[in-house]
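**Student:** Okay, structure incoming, though there's no sequence with it:
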């Protein structure tokens, strides 16, 4: 298989990836041809994928969405990761005009006031930069795992994304957090120090809090909203978020 052009091709790839280890999954994806982009939020699972890409010198681009509201610890980790694996992590930032327009309509921190405003902020700071990162790509690699939330429980290893006209690959779909932590420990992978302070899922600083004992991994994201399936729109086709990205 050298090109993914249909849902059927993606299903075949999904089956192939299921029987491989992580190195094998990424190597297979890298061999498919076309431009492959891994978007990392610098979370612990993303760091595992980056380590594999760097250690095996795989021809996969590594990109991150530098939203302008990230934790200082996350920004420092970008530099540390580049140094350790001798790679370049491409930063995609929001357009200042979009930020100004958002602030004029909702206020700089208007995302606390309504779901609409929060989706609009994610659209400006994440979805539009993501569109630029994936422009011309044929493969999009993510760190999604089934254990991250109920909303992600059915995450496949590969699926066709008709909206972006590419194949989306989730090589860690079947990994649990214990396996992630074990890999990090054995391979001395640099991780965000916020993980040790109760932040299993780390996004923008104003929108992320530490979780309480017993809470799901992503409970600290947009904690003021009541929807248990809340997402920013990168991986779920949320109506409000999608509208802001157009």
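**Tutor:** Noted; the coordinates are in hand. All of these numbers come straight from a predicted model, not from anything done at the bench. Numbering: from 1, shown residues only.

**Student:** my read: residue 203 touches residue 41, true?
**Tutor:** Yes: taking contacts as C-beta atoms under 8 Å, residue 203 lies within contact range of residue 41: 6.9 Å. C-beta: built from backbone N, CA, C; applies to glycine.

**Student:** Which other helices and strands does the helix or strand that contains residue 184 contact?
**Tutor:** Here residue 184 is covered by helix 177-187, with elements defined by DSSP states H and E. Contacts defined by 3 or more C-beta pairs under 8 Å, 6 or more residues apart in numbering; DSSP states H and E place helix 177-187 against helix 44-55.

**Student:** just to revisit the earlier point, the helix holding residue 184 versus helix 44-55: what angle between them?
**Tutor:** Going by axes from the mean of the first three to the mean of the last three C-alpha atoms, to 10 degrees, helix 177-187 is angled at 40 degrees with respect to helix 44-55.

**Student:** Give me the buried positions along helix 177-187.
**Tutor:** Going by neighbour count (16 or more other C-beta atoms under 10 Å), the buried part of helix 177-187 is 179, 180, 183, 184.

**Student:** who touches that helix?
**Tutor:** Contact partners of helix 177-187, identified using C-beta atoms under 8 Å, 6 or more residues apart in numbering, comprise 44-45, 47-48, 51, 55, 145, 147, 172, 189, 191, 200, 217.

**Student:** returning to what we had before: would you mind giving the buried residues of helix 177-187 as a markdown table with pLDDT and distance to residue 139 added?
**Tutor:** Shown next, in a markdown table, are the buried residues of helix 177-187 (pLDDT from 0 to 100; distance: C-beta to C-beta, whole Å):
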| residue | pLDDT | distance to residue 139 |
| --- | --- | --- |
| 179 | 96 | 23 |
| 180 | 96 | 22 |
| 183 | 98 | 22 |
| 184 | 98 | 25 |
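
**Student:** on that earlier part again, quick one: the helix holding residue 184 to chain centroid distance?
**Tutor:** Relative to its parent chain, helix 177-187 has a centroid offset of 19 Å by C-alpha atoms, centre = their mean, to the nearest Å.

**Student:** Quick one: end-to-end length of stretch 61-75, please.
**Tutor:** In stretch 61-75, first residue to last residue: 19 Å (C-alpha to C-alpha, to the nearest Å).

**Student:** nope, stretch 128-139 is what I was after
**Tutor:** End-to-end distance for stretch 128-139: 18 Å, by C-alpha to C-alpha.

**Student:** Show me what the lengthiest helix in the chain is packed against.
**Tutor:** For the chain, the longest helix by residue count, based on DSSP state H, is helix 72-85. When contacts are defined as 3+ C-beta pairs under 8 Å, 6+ apart, helix 72-85 packs onto helix 44-55, strand 89-92.

**Student:** again, only this time at 10 Å
**Tutor:** When contacts are defined as 3 or more C-beta pairs under 10 Å, 6 or more residues apart in numbering; DSSP states H and E, helix 72-85 sits against helix 44-55, strand 61-65, strand 89-92.
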